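# Sequence first, predicted model second:
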Amino acid sequence: MTSRALSTDVLLGLLPIALLIALWQGLVSFELAPVALLPPPGLVFSRLLQQLVTFSFQQEIIATLFRLFTGFLIAVALGVGVGMVAAASPAINATVRPLVRVLAPLPKVALYPALLLLLGFGHESKIALVAADALFPILLSTYYGASTVEQKLIWSAMAAGTPRREILLKVVLPAAMPSILTGCRIGLVISCIVVFLAEMITSTDGLGHVLITAARTFQAVDMFVPLITISLLGLILNALLQAARSYLLRGFPEA
Amino acid sequence: GSSRAQQTIRVGWTIPAEESKYWMMRRPAEFPDLGKTYNIEWTQFQGTAPMTQALAAGALDCATQAPLSLSNGVVGGNLKAYIVAQHVFEKPGGFSVYWAVMDDSPIKTIADLKGKTVGISVIGGGTQGPFNMLLKQNGIDPAKDIKLVEVGFAVSEDALRQGRVDAVNMNQPFAARAEAKGGTRKLFSLSQAMPNIVHILEACRADFVDKNPELVKAYVRDITSGMKKALANREETLKVVSEVLKAPIPVLDTYLLKDNDFGRDPGAAPNFPAIQKMLDIYAETGMLPKLDVAQFKHPTIVAPLQ
Amino acid sequence: MIEIDHVSQVFQTSARKDHLALSDISLTIEDGAFVSILGPSGCGKSTLLYIVGGFVSPTSGSAKVKGKTITAPGPDRGPVFQEFALFPWKTVLGNVMYGPRQQGVRATEAEAQSRALIEMVGLKGYENFFPKELSGGMKQRVALARTLAYHPEVLLMDEPFGALDAHTRTRLQNDLLNIWERDRKTVLFVTHSVDEAVFLSDKVVMMSRSPGRIRQVIDIDLPRPRRRTELLLDPRYQKYVVDIERMFDDIDEAGVNP
Amino acid sequence: MIEIDHVSQVFQTSARKDHLALSDISLTIEDGAFVSILGPSGCGKSTLLYIVGGFVSPTSGSAKVKGKTITAPGPDRGPVFQEFALFPWKTVLGNVMYGPRQQGVRATEAEAQSRALIEMVGLKGYENFFPKELSGGMKQRVALARTLAYHPEVLLMDEPFGALDAHTRTRLQNDLLNIWERDRKTVLFVTHSVDEAVFLSDKVVMMSRSPGRIRQVIDIDLPRPRRRTELLLDPRYQKYVVDIERMFDDIDEAGVNP
Amino acid sequence: MTSSAAIGRRVAPLLACIGLLAAWQVAALALKNDSFPTALEAMRAVPAILGDKEALINILASLRRMAIGFAAAVAVSIPLGLLMGRSRTVAAFFNPLLMVIYPVPKAALMPIIMLWLGVGDIAKTLVIFLGVSLPVIYHSFEGAKAVEEKMLWSGAAMGLSAAQCLVRIVLPAALPEILTGCRTGLVLALITMITSEMIARQSGAGNILFNALDMGQYDTVFAMIIIVGAMGIGLDAAFEKVRARLVRWSEPQFDMPLSFS
Ligand SMILES: Nc1ncnc2c1ncn2[C@@H]1O[C@H](COP(=O)(O)OP(=O)(O)OP(=O)(O)O)[C@@H](O)[C@H]1O
Ligand SMILES: Nc1ncnc2c1ncn2[C@@H]1O[C@H](COP(=O)(O)OP(=O)(O)OP(=O)(O)O)[C@@H](O)[C@H]1O
Ligand SMILES: [Mg+2]
Ligand SMILES: [Mg+2]
């Protein structure tokens, strides 16, 4: 990709976001929404800039990011691991499949109070919730990707003397990578949502907590600052994932 | 459904202490106007703060409110509303929201809370004003000297017994349950900060009231009579509440409408002076600017209405 | 020695019909023999290779290598698939180096060997290309190099020169023969070229139209080492070719029977 | 008429290097001509076909069909890809019927035509098989039938008989010639068989090793209709084959230059 | 496939459920925590919920919202995802937008959503819609990107317009991947169906669950979780049936899953 094409892409991507902000401004300007509920974007962004340089706000972001990453990484490790093994071994498949069918659709937030009591109010309970919610999209995509790997790739590797236990790592994992990364992308966004939600429900810090404190006292601008922050974080993390994707999949036709 | 055009009020409610509304929901036949001259669209919320937002957004016409959430709506959300009725308050000798510690806890006084982890049902909620005031009176800076965590009433007992918090606030019916089980003790209650705290009341958007005075009147009349019925027929009230809360009657029977329960005004009349006192406490503890309760008073539409 | 004993293969099709691909195949291949399989398209040649490779287990009958029933693939039998099956996430060099690295050859050594093989198949300069960036014939040559790289005792080659121009094909035939003569590998070689089969093999197995049966096994009694230029003038060679082509005409009479 | 005018094609590889696949190709193909392209593996034959098909636009130069610059694919030019590219979700019949149905032919009629074509390529009985259930050669024949089914004026065929046994190949060559003689299609035909090229074509284009250049264009001046049996005995035919094979040897001197 | 293996496959989910419940029972007994009832206690509460007509109406109301939200999400997301997959411009346009919108928790936007959509069905259906659409969009997107180019070329050469190519080639070719997205979407639909009723609710399964949660009736909470889990199994099984029919052609060629275990 040439750098010119890249910058056109970036411009194209900024356009709808600019439109969204314009729409937001429009709603405020034409008084379609009360300022108390929807403050003007200019106010929100200037407050965001102010906040970003303060130590306390940075601490909140770090707390949120720490939970998000730890939970997400646990979900990736578990989801990819279990998904691959389930695709490889009929015995494990027979156990995992029904378990996933039962566990996947459970509303994990409902378990959050129990998690709080078991793991406390700090990082652990939130990390557990994030991991539990991000796990299944990753697991399902991995399973799908792993179970549709071209047979002859596996055959080729086995004939080259790859031991069975290494086939997973050396062939199935790279061959299923496109699908796994799609799952990770969804898992990442879900992690963003859930970490925020968990912090909104019960927390002493983090972006979600900032929002709740502001919401309780109707500080509309301060409510939107953490929202915009999480949204920007999502954008940045996704761009990173996208970069990783185009590197990892450079041999694949679709990359 | 009726084919006649009826006016509808969109009402927000919550659990657990709005017996007159629960009567209206579960025993509508007992109310001559309800479902005939007007309709109610009930929406249940998790706590009063989201209802304040819903009122401010115009998604609700009337809703259960706490003095603090309502005031927040006024200050931050440009909300204009009337307090038309009152659900529960703390009556002298009755139940008062309290903070509990374990029996064997070294915490004996409020001052001992310094440096401890303390649970509260809702940070910035109605109980925090009086709570902050008590802490301050005992030489504790609520912002710095304790670690405050949000622990919903439902899990507060467990959180305390698990040692996740050193002290936690208790409300009915959980307080009754915890007391029955034993092992905890009351450290202090809100009544120490002020008597007759108003916990929840009924508020309606001012523009809605001004536009539909007759409608709201009918609603307030029914709240008044609902409260009467609730107080008059405890046995039936237990059933009604049990249906709404999906809690077994034996559990409710341990406290509901007994001495160890909150107080209820027989006419569901708001106690404006008490509310004013609370607003003053909020102002004193820096949670809100100073507010005058008069702005919430409608000249005619306020319980009790016959 | 590879012993194929009354092997049949039935596939279940999506139309929920059983489809007989191989019917009662028996064949013995001596160690170090070069055996070609000829047969009409769809007669089950690839399937037979899969069975010897241990990728597919036959519906009935058994296949043995060195007296042991084949149950799984192993580095003693190296396949070159008709569809190449290159690892898309690896470059040409990465694909070729895979086998030796897997066998525990040190990286530098494996790389040197692989580069030599890549040069042999005429792909010097393409080491860092990904499979998607190669032409059909180039992919086929990478697949060949990948299998040769780990020195399997038995080569299972499914039309390995099918996508190559005549010239490259001749060169690689010679290279293959050199390797075979040096290492005395056993080769099972599927091809559509009668010419190629006769030139390379000790034995040509002719299969009949689907469901695949063995029609005839012809011993090719030509001196080795064989030189293409000499052979083309040899009347025995020409006779083999003509005979086999004639047999093909007979097979065709049988018609199709899916 | 197809006019290819100073066409070059540069590919960007993942290694971030530019790779010149075709270099300054100019070629004119008369309407109704049967033109074969011969060249070493990787010299850019497929790429040239893609450009005429309108699938790839050349980095420089232009290609025109009937005087109009080619910018997009169209049903006037029907490709048969080297990799078949069958629709995996459709059966054999579904794949072959796809084109005619797209052209608005009624279902019953399209089906009848398609069944006839399937029979022609020797796949009667396999109508309800999915591509994954076919052998390599069978897939190739389905791909051929699929393209013939919608009667494109220009056929762009990329080694369409590469995976077939000699017998099936000969039969299909004859069928193709019959269709061509009947409908006077323009055919651009990539093959690795010199024999096949001479037998089928009016003109043989020889390309040199990568980066692909046109080395020579040979007019095949043999009478039509051609019969294989007669032709094999014709000394002119033999001379063409030998000449072209010799030219191939020259090309090979050039070496590889990626 | 022998019939005993078939029976095994039938029984496996049951065994897994029993195993799960047993593990839960042991964990709950070990933890001795009021807010974590044992599996038996939770199971005992199930009939009470299912026997209650009002509860059933609630659950049906939730399912109806879920069905509408899911159907709408699939209808919008698949075309969008496919378009993004086949057109760089469309992808460049939508990708950042989606990435900005999706990480924002819908619960935090409730006040704004209430402002325009009220607190009723529409708002909740929207939340379900958003929950479902993310995986469907991204799986369709990646599925469409991975479609073999020569298949599209074949289609174009037969005279298919770009739009027809999208519907008649990209859609079927990407279908297995799309259906994986739909399956994840179905799971998320069930979850958002519940959580959309966390803050404001008139009826619904979440209503029962969050009420019980507020009241600290954990046997009912976990009974609801069991019920939702069971609904998940049922929907998933139904979906699997549909999926198997639709992508018969893409099932692995040989019987063994990866043929090396
Ligand atoms: N997965 C499958 N399901 C059903 N039938 C199959 C399957 N694989 C192969 N077949 C059938 O088995 C027969 C033999 O196929 P095979 O690929 O072995 O043929 P082949 O001799 O290699 O042909 P070619 O020369 O065309 O490659 C064919 O009729 C084919 O339709
Ligand atoms: N996507 C691509 N990226 C980079 N290089 C490519 C790409 N596609 C083809 N090439 C290069 O272009 C050259 C020509 O390829 P092409 O497929 O046209 O060859 P060909 O003449 O058809 O060969 P064959 O007979 O082996 O099929 C090759 O050197 C190949 O490596
Ligand atoms: Mg084959
Ligand atoms: Mg080619």
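Now that the structure is in, tell me what you want to look at. Ligands and ions are numbered 1, 2, ... in the order given.

# The chain: helices as residue ranges?
No chain was given, so I picked chain A. With helices called from DSSP state H, chain A shows them at A:3-29, A:41-52, A:55-88, A:90-103, A:112-119, A:123-147, A:151-159, A:164-167, A:173-201, A:207-216, A:220-248.

# try again with chain C
Assigned helices in chain C, in chain order: C:45-53, C:92-102, C:107-120, C:136-148, C:166-183, C:194-200, C:228-233, C:235-253 (criterion: DSSP H).

# Point to the residue nearest the middle of chain A.
When chain A is reduced to its mean C-alpha position, the nearest residue by Cα atoms, centre = their mean turns out to be residue A:188, at 1.4 Å.

# correction: chain E
Of all residues in chain E, the one closest to the mean position by Cα atoms, centre = their mean is residue E:186, 1.7 Å from it.

# Tell me if it really is in a helix.
Yes: following the definition DSSP: H, G, I helix; E, B strand; the rest coil, residue E:186 is counted among the residues of a helix.

# For it, give me its contacts.
A:105, E:70, E:132, E:235, E:236, E:239 (Cβ atoms under 8 Å, 6 or more residues apart in numbering or on different chains). Just so you know, the C-beta spots here come from the backbone N, C-alpha and C atoms, and that holds for glycine as well.

# What sits closest to the closest residue to ligand 3 within chain A if chain neighbours are left out?
In chain A, no residue comes nearer to ligand 3 than residue A:152, which is 11.9 Å away by Cβ to the ion. Nearest residue to residue A:152, sequence neighbours excluded (Cβ to Cβ, 6 or more residues apart in numbering or on different chains): residue C:85, at 3.6 Å.

# quick one: the closest residue to residue E:148 other than its chain neighbours and residue E:160, what's the gap?
Closest residue to residue E:148 in three dimensions, ignoring its sequence neighbours and counting by Cβ to Cβ, 6+ apart: residue D:85, at 6.3 Å. Distance, residue D:85 to residue E:160, by Cβ to Cβ, to the nearest Å: 14 Å.

# Residue E:77 now?
Computed with Cβ to Cβ, the distance linking residue E:77 and residue E:160 is 23 Å.

# cool, residue B:214 as well?
From residue B:214 over to residue E:160 the distance is 65 Å, taken as Cβ to Cβ.

# in the stretch 51-200 of chain C, what residue is nearest ligand 2?
Evaluated by Cβ to the nearest ligand atom, the stretch 51-200 of chain C has residue C:137 as its residue closest to ligand 2, separated by 2.6 Å.

# What is the burial count for that residue?
Neighbours of residue C:137 under the rule other Cβ atoms under 10 Å in any protein chain shown: 27.

# How about residue B:33?
For residue B:33, the count of nearby residues is 15 (other Cβ under 10 Å).

# Ok, the one 3 residues further on next?
Residue crowding around residue B:36 was assessed by other Cβ under 10 Å; the count is 13.

# Name the SS class of residue B:12, please.
Each residue gets one of three states, and residue B:12 gets strand by three-state DSSP.

# any low-confidence regions in the chain?
This is for chain A. Within chain A, the stretches with pLDDT under 70 are A:1-3, A:255.

# hmm, I had chain E in mind actually
E:1-9, E:251-261.

# Mind jotting down where the helices sit in it?
With DSSP H as the criterion, chain E has helices spanning E:3-31, E:39-50, E:53-86, E:88-101, E:106-117, E:121-145, E:149-157, E:162-165, E:171-195, E:205-215, E:218-246.

# One more: chain B?
Shown for chain B, the helices assigned by DSSP H span residues B:19-26, B:48-56, B:67-77, B:128-137, B:153-161, B:174-181, B:206-211, B:213-232, B:234-245, B:249-253, B:272-284.

# buried stuff in the fourth one?
Of the residues in helix B:128-137, B:128, B:129, B:130, B:131, B:132, B:133, B:134, B:135 count as buried by neighbour count, 16 or more other Cβ atoms under 10 Å in any protein chain shown.

# again with stretch E:36-54
Counting neighbours by 16+ other Cβ under 10 Å, one finds that the buried residues in stretch E:36-54 are E:36, E:37, E:38, E:39, E:41, E:42, E:43, E:45, E:46, E:49.

# Surely the third one touches residue E:31?
Translated: residue E:38. No: at 9.7 Å, residue E:38 does not count as touching residue E:31 under the criterion of Cβ atoms under 8 Å.

# What separation do you get for residue C:226 and chain B?
Using Cβ to the nearest Cβ, to the nearest Å, one gets 85 Å for the distance from residue C:226 to chain B.

# Point me to the residue of the stretch 151-261 of chain E nearest chain B.
Minimum separation of the stretch 151-261 of chain E from chain B (Cβ to the nearest Cβ) falls at residue E:216, amounting to 3.6 Å.

# How many residues are close by residue E:162?
Here the count is done by other Cβ under 10 Å, and residue E:162 has 14 residues near it.

# residues contacting it?
No residues are in contact with residue E:162 under the rule Cβ under 8 Å, 6+ apart.

# What's the separation between it and residue C:229?
As defined by Cβ to Cβ, residue E:162 lies at a distance of 54 Å from residue C:229.

# Once you drop chain neighbours, what's closest to residue B:147?
Taking Cβ to Cβ, 6+ apart as the measure, residue B:147 lies nearest to residue B:117, with 4.6 Å between them; neighbours along the chain are not counted.

# Can you tell me the closest non-neighbouring residue to the residue of the stretch 51-200 of chain E found nearest ligand 4?
Closest residue of the stretch 51-200 of chain E to ligand 4, Cβ to the ion: residue E:150 (11.5 Å). Spatial nearest neighbour of residue E:150, chain neighbours left out: residue D:85 (3.7 Å); criterion: Cβ to Cβ, 6+ apart.

# where's the one you found relative to chain B, distance?
The separation that residue D:85 has from chain B, given Cβ to the nearest Cβ, amounts to 55 Å.

# That residue: neighbour count?
The local packing count at residue D:85 equals 21, with neighbours defined by other Cβ under 10 Å.

# Quick check, it in contact with residue E:153.
Yes: the pair formed by residue D:85 and residue E:153 meets the contact definition of Cβ under 8 Å, at 7.2 Å.

# picking that back up, neighbour count winner among residue E:77 and residue E:160?
Taking residue E:77 and residue E:160 together and counting by other Cβ under 10 Å, residue E:77 has the greater number of neighbours (25 against 21).

# hang on, the earlier thing: and of the helices of chain C, who's closest to chain D?
For those, the distance to chain D is smallest for helix C:136-148, at 2.9 Å, taking Cβ to the nearest Cβ.

# That closest one near ligand 4 anywhere?
Yes: under the criterion of Cβ under 5 Å from the ion, helix C:136-148 makes contact with ligand 4 via residue C:136.

# Now that helix: average pLDDT?
Averaging pLDDT along helix C:136-148 yields 96.

# Packing partners of it?
With contacts taken as 3 or more Cβ pairs under 8 Å, 6 or more residues apart in numbering or on different chains; DSSP states H and E, helix C:136-148 sits against strand C:77-80, helix C:92-102, helix C:107-120, strand C:154-158, helix C:166-183.

# 6 Å instead?
Counting contacts by 3 or more Cβ pairs under 6 Å, 6 or more residues apart in numbering or on different chains; DSSP states H and E, helix C:136-148 is packed against strand C:77-80, helix C:92-102, helix C:107-120.

# Just want the angle from that helix to helix C:166-183.
Using axes from the mean of the first three to the mean of the last three Cα atoms, to 10 degrees, one finds that helix C:136-148 and helix C:166-183 are set 0 degrees apart in direction.
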